[in-house]
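Participant: quick one, structure for this:
(chains A and B)
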Number of protein chains: 2
Amino acid sequence: MAEIIAKDARVASTILKTLTNEERSSALQAVHDAILAAKLEILEANVKDMEAAEAQHLSSSLVKRLDLSKGDKFDVMLQGVLDVASLEDPVGKITLATKLDEGLELYRLTAPVGVLLIIFESRPEVIANITALAIKSGNTAILKGGKESLHTFTALAKVVNEALAKTTVPKDAIQLIASRQDVAALLDQDKYIDLVIPRGSNELVRNIKSNTKIPVLGHADGICSIYVDEDADLEMASKVVLDAKTNYPAGCNAVETLLIHKNLKDKLLEIVQELLDNGVTLHVTDEVSKHLPKSSQIVPVIEGDFDKEFLSLDIAISFTDSVDSAISHINAHSSGHTESIITENKESAERFLKAIDSAGVYWNASTRFADGFRYGFGTEVGISTNKIHARGPVGLEGLVIYQYQIRGHGQVASDYLGAGGSKAFVHKNIDIKNVSL
Amino acid sequence: MAEIIAKDARVASTILKTLTNEERSSALQAVHDAILAAKLEILEANVKDMEAAEAQHLSSSLVKRLDLSKGDKFDVMLQGVLDVASLEDPVGKITLATKLDEGLELYRLTAPVGVLLIIFESRPEVIANITALAIKSGNTAILKGGKESLHTFTALAKVVNEALAKTTVPKDAIQLIASRQDVAALLDQDKYIDLVIPRGSNELVRNIKSNTKIPVLGHADGICSIYVDEDADLEMASKVVLDAKTNYPAGCNAVETLLIHKNLKDKLLEIVQELLDNGVTLHVTDEVSKHLPKSSQIVPVIEGDFDKEFLSLDIAISFTDSVDSAISHINAHSSGHTESIITENKESAERFLKAIDSAGVYWNASTRFADGFRYGFGTEVGISTNKIHARGPVGLEGLVIYQYQIRGHGQVASDYLGAGGSKAFVHKNIDIKNVSL
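Facilitator: Residues are numbered from 1 along each chain as shown, chains lettered A, B, ... in the order given. Now for the predicted structure:
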């Protein structure tokens, strides 16, 4: 069953790939219109999910995430579909053009990755968002929702499928899989599925990463650090650390580790007082505790605190000897998400920016800026801590790869040097601006 | 043991990452000079490997691949190191710059992937090549050679390590692992190793791909196809097919499947006569055989022939109804390497180029052009049939990813819209040409 679903998605992807941007975007308009028209029945289904969640005494934050009627969530979801539709076409962009010889040209064009498997938990609005991202980028998607949103999911799925059926987008472009089916069987379809995108808890991501051979776009942990250098502006340090910790503690870009140059020992309170005033618990080393007053908000670090994503009003604090020891600590303990140095010393800053091996390296800015919208990408597929393909906040370009085209007139390799012939390659760059294929 | 090796490579990568292009390139010059100075002892070790291979009656092609003294192989290897050293620095290139707000800029810079694991079989010259590629791109590498080249490998390893010890490149940047150790243990080090690059047989690549969670750059199969359209120039078709099949049948870019439009039935011999004259065996469907003379070189296709990389003077041939059925056949059977259409009909060609989901899609050219040197990349890390990160012939850019830098003046997210504040982001492109960090 999972194999049929995946194979159908693969076949559909070869058709979707040939559609124009106009066809893909107008299909999204149709999806938007259909969801709008079916708002009432979708919200009725959503109420059933919330009632079920309450009956099962699920946490209030989960019930809140399920609720599609809350505030302007429904309208934001709808607008998101139109926003994606109006983005620049990510497919078919020429990124390289080379004249190999007279009448023999090489082009590199962006192309869809192929088939996406999206696995998400309780937020049902992800269906609309991912449908838009996938179709816009020419990818087909298999969507697997969590059981908590089953009714909403089923209602949305019906609307999306019916809307797409009236467009040129093939019907298997978006397949919505009810939650009873086996995720494991889908994760085995590496022959047909090119990329898995999990949207949900760290637990979900970690679980998926360790159970598939398909590349996974995303991050399990966001263990972000801030290093306050000896040459830091302490007022700035206090302000940035406060923002990075308290603006949204559950965010993956919230700071979890604070490293402070040992020469700032006696000024420690200037940096952390605001954290204490805002209810943050400081998990500190013995040495750090010596420079702080007694307080129930100050507790000793325990093993693993510097490798921990608290996701709460908690932060681990240690002194460090130098910018280099801060770099070593971070490269050893961080999850490769985002790290920041606070300093007025350009040399220390450049050293930090160059040596830290994370997706985001900041100088005098809060780690909370690590976000696709703040980066100006228009949309965000996710934040990746992978070392290949796409890293950091990922926009639509994370869903495309490229193909090489050669356009010739019957040329053969054996006429050229290196393959038995005597002709030399020209290898002349063609200005991309002048190319229209 | 494997974990220590991998962890050391990871730590070394964070140092190598901070070196300048000059430091990396002059280390390669040192490696070149040392290999040149030790030519005699390396070739003596090489003779031992060849004697051992002959004593074990290994195939003559394997012994030939082992032989470093053959022709100009040693000099080519040395020149290759200098060529890589002189390439443009792939690290630290700014690929995006955005003004987020006054005094708050976002930059995207290319950065090394990190730690490479290279597993190769009998060609000992790969050590020099991979050492050069890794160091030039700021990556550390763990090299694991085959037992056939153990003596050469050990001699080269000693020279490379001693040469690097006199440079700023950390000693663990290139670790050469003798063949007795367990590959499986290295393939488990996904915590420290970012990319595996296998250099050797399809068997080796397939085996590695199914035994690691680390991304693998490369291809197991090269099942390339040529589709001869009804509007083809038949003389061109004959010439291109001949080149693609016979120029180097063992190459991954050699053609294995020939699809011919059914309307060309009666002109079939014009296309395949040259193949027959050059000793190629045609594996044909019943329908195709009806249009060919009896010959010992013409045999019926058996199951799997259209999913087979012959790597020999063999080709599978079928008729097809249309360009669309050719596309469907190829998307279902090819390995995603390179496919070519022969036609004078622009519409059919564009349809083929757009719908085929392979790394290379060609119009009126031999599949044999799929090669990093022919593409003008200066060097080739390998040819990838992956759907993410790097595809087709891969140059140095396949060994880099990117990092986002933010350079600010203490800005915090909570001052901006979307995170509780009222400031709007500027999101203005900065012309990369005017940026120097």
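Participant: what are the pairing partners of the lengthiest strand in chain A, and which direction each?
Facilitator: Looking across chain A with DSSP state E, the single longest strand is strand A:400-411. Strand A:400-411 pairs in its sheet with strand A:104-112 (antiparallel), strand B:360-365 (parallel), by DSSP bridges.
Participant: tell me the mean pLDDT over the shortest one?
Facilitator: Confidence over strand B:360-365 (mean pLDDT, whole number) is 98.
Participant: for stretch A:2-19, same thing?
Facilitator: Regarding stretch A:2-19, the rounded mean pLDDT is 95.
Participant: repeat for stretch A:142-160
Facilitator: Stretch A:142-160 comes out with an average pLDDT of 90.
Participant: equivalent analysis for stretch A:416-429, please.
Facilitator: Mean pLDDT, computed over stretch A:416-429, is 95.
Participant: pLDDT below threshold where in the stretch 151-300 of chain A?
Facilitator: Counting by pLDDT under 70, the stretch 151-300 of chain A contains low-confidence residues at A:179-181.
Participant: mind listing the strands for it?
Facilitator: Using DSSP state E, counting those that start in this stretch, the strands of the stretch 151-300 of chain A run over residues A:174-177, A:195-199, A:224-228, A:255-261, A:281-284, A:298-300.
Participant: buried residues, the last one. List them.
Facilitator: Judged by neighbour count using 16 or more other C-beta atoms under 10 Å in any protein chain shown, the buried positions of strand A:298-300 are A:I298. Where C-beta positions appear, they are placed from N, C-alpha and C, glycine not excepted.
Participant: go on, the longest one?
Facilitator: Of all the residues in strand A:255-261, those buried under the rule 16+ other C-beta under 10 Å are A:V255, A:E256, A:T257, A:L258, A:L259, A:I260, A:H261.
Participant: quick check, nearest of the residues you listed to chain B?
Facilitator: Comparing these against chain B with C-beta to the nearest C-beta places A:V255 closest, at 11.3 Å.
Participant: which residues touch that closest one?
Facilitator: With contacts defined as C-beta atoms under 8 Å, 6 or more residues apart in numbering or on different chains, A:V255 is in contact with A:C224, A:S225, A:I226, A:V241, A:A244, A:K245, A:I315, A:S340, A:S366, A:T367.
Participant: the fifth one contacts A:F369, doesn't it?
Facilitator: Right, the one you point to is A:A244. No. In this structure, A:A244 is not within contact of A:F369 by C-beta atoms under 8 Å, at 9.3 Å.
Participant: list the residues that contact both of the two?
Facilitator: Between them, A:A244 and A:F369 share these contacting residues under C-beta under 8 Å, 6+ apart: A:N253, B:A413.
Participant: so which of the contacts of A:V255 reach chain B?
Facilitator: Taking C-beta under 8 Å from any C-beta of the partner chain as the test, chain B is in contact with A:A244, A:S340, A:S366 out of the contacts of A:V255.
Participant: and the second one, that's in a strand?
Facilitator: Yes. According to DSSP: H, G, I helix; E, B strand; the rest coil, A:S340 belongs to a strand.
Participant: if you skip the residues just before and after it, what's nearest to it?
Facilitator: A:Y362 (3.8 Å; C-beta to C-beta, 6 or more residues apart in numbering or on different chains).
Participant: output stretch A:99-115 in CSV with nothing but the alpha carbons.
Facilitator: Provided in CSV are the C-alpha atoms of stretch A:99-115 (Å, rounded to 0.1, in the frame of the first residue of the first chain):
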residue,chain,number,x,y,z
LYS,A,99,29.5,27.1,-24.4
LEU,A,100,31.3,23.8,-24.8
ASP,A,101,31.9,24.2,-28.5
GLU,A,102,30.2,25.7,-31.5
GLY,A,103,26.5,24.6,-31.4
LEU,A,104,27.1,22.6,-28.1
GLU,A,105,25.8,24.4,-25.0
LEU,A,106,25.6,23.3,-21.4
TYR,A,107,22.9,24.7,-19.1
ARG,A,108,22.1,24.1,-15.5
LEU,A,109,18.4,24.7,-14.6
THR,A,110,16.6,24.4,-11.3
ALA,A,111,14.2,21.4,-11.1
PRO,A,112,11.9,20.0,-8.5
VAL,A,113,13.4,17.5,-6.1
GLY,A,114,10.6,15.0,-6.9
VAL,A,115,8.5,13.4,-4.2
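Participant: avg pLDDT for it?
Facilitator: pLDDT averaged over stretch A:99-115 gives 97.
Participant: show me what counts as buried in that stretch.
Facilitator: Going by neighbour count (16+ other C-beta under 10 Å), the buried part of stretch A:99-115 is A:99-101, A:104-115.
Participant: for stretch A:342-350, same thing?
Facilitator: For stretch A:342-350, burial by neighbour count (16+ other C-beta under 10 Å) applies to A:I342, A:T343, A:S348, A:A349.
Participant: filter these down to just the ones in strands.
Facilitator: If you go by DSSP E, the buried residues of stretch A:342-350 have A:I342 in strands.
Participant: would TSV of the buried residues of stretch A:342-350 with distance to B:L40 and pLDDT be doable?
Facilitator: Shown next, in TSV, are the buried residues of stretch A:342-350 (distance: C-beta to C-beta, whole Å; pLDDT from 0 to 100):
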residue	distance to B:L40	pLDDT
A:I342	56	98
A:T343	53	98
A:S348	48	98
A:A349	50	98
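Participant: the buried residues of stretch A:342-350 also near chain B: which ones?
Facilitator: Among these, the residues within reach of chain B (C-beta under 8 Å from any C-beta) are A:I342.
Participant: good, we can wrap up now.
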